[in-house]
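[1] structure of the sequence below:
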Amino acid sequence: AIKNNHVVAGGGACEMEISKYLRAHSRTIMGKQQLIIGSVAKALEVIPRQICDNAGLDATDLLNKLRMRHAQGDVWAGV
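    Reported below is the predicted structural model:
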């Protein structure tokens with residue numbers, strides 16, 4: 001039974017969207033903080049990468065496609 005009408009994105013969509021925002025923000029600051037924020041953004045992409053690996057998919061190719069779709073505004077795009 002449906003208790004509410006909320007939807008949660010899966011397949012690493014949330015992580016990819018947060019990573020996109022963090023990468024964009026890291027370009028606006030300088031020094032060590034830029035590297036730290038960029039590292040956190042990269043670490044978030046481990047989740048969809050692992051989903052790809054577990055499914056036997058080409059993780060590098062699929063993550064590039066996901067980055068492109070998120071850059072185009074498709075916030076629901078996941079593996």
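[2] looks like residue 75 contacts residue 7 (just checking).
    No. Between residue 75 and residue 7 there is no contact under CB atoms under 8 Å: 11.4 Å. In short, each C-beta sits where N, CA and C put it, glycine included.
[3] comparing these two, which shows the higher neighbour count?
    Taking other CB atoms under 10 Å, residue 75 and residue 7 do not tie; residue 75 has more neighbours (13 against 7).
[4] helix, strand, or coil at that one?
    coil (DSSP: H, G, I helix; E, B strand; the rest coil).
[5] spit out the contact partners of it.
    Taking CB atoms under 8 Å, 6 or more residues apart in numbering, we find residue 75 in contact with 9, 13, 17.
[6] and the spatially most central residue of the chain, how far is that from residue 5?
    The residue lying closest to the centre of the chain (CA atoms, centre = their mean) is residue 16, at 1.0 Å. Distance, residue 16 to residue 5, by CB to CB, to the nearest Å: 24 Å.
[7] please name the nearest non-neighbouring residue to residue 8.
    Once flanking residues are discounted, residue 8 sits nearest to residue 14: 8.0 Å by CB to CB, 6 or more residues apart in numbering.
[8] and residue 69, by the same measure?
    Leaving aside its sequence neighbours, residue 69 sits nearest to residue 77 (CB to CB, 6+ apart; 4.0 Å).
[9] ok, now residue 53?
    residue 59 (5.6 Å).
[10] surely that neighbour meets residue 47?
    No. Assessed by CB under 8 Å, residue 59 is found out of contact with residue 47, at 11.2 Å.
[11] where does pLDDT dip in this structure?
    1 (pLDDT under 70).
[12] what are the boundaries of the strands in it?
    Ranges of strands within the chain: none, based on DSSP state E.
[13] relative to residue 48, how far out is the residue nearest to residue 53?
    Taking CB to CB, one finds residue 59 at 8 Å from residue 48.
[14] okay, the two: which has more neighbours?
    Each of residue 59 and residue 48 has its neighbours counted (other CB under 10 Å); residue 48 has more, 23 against 19.
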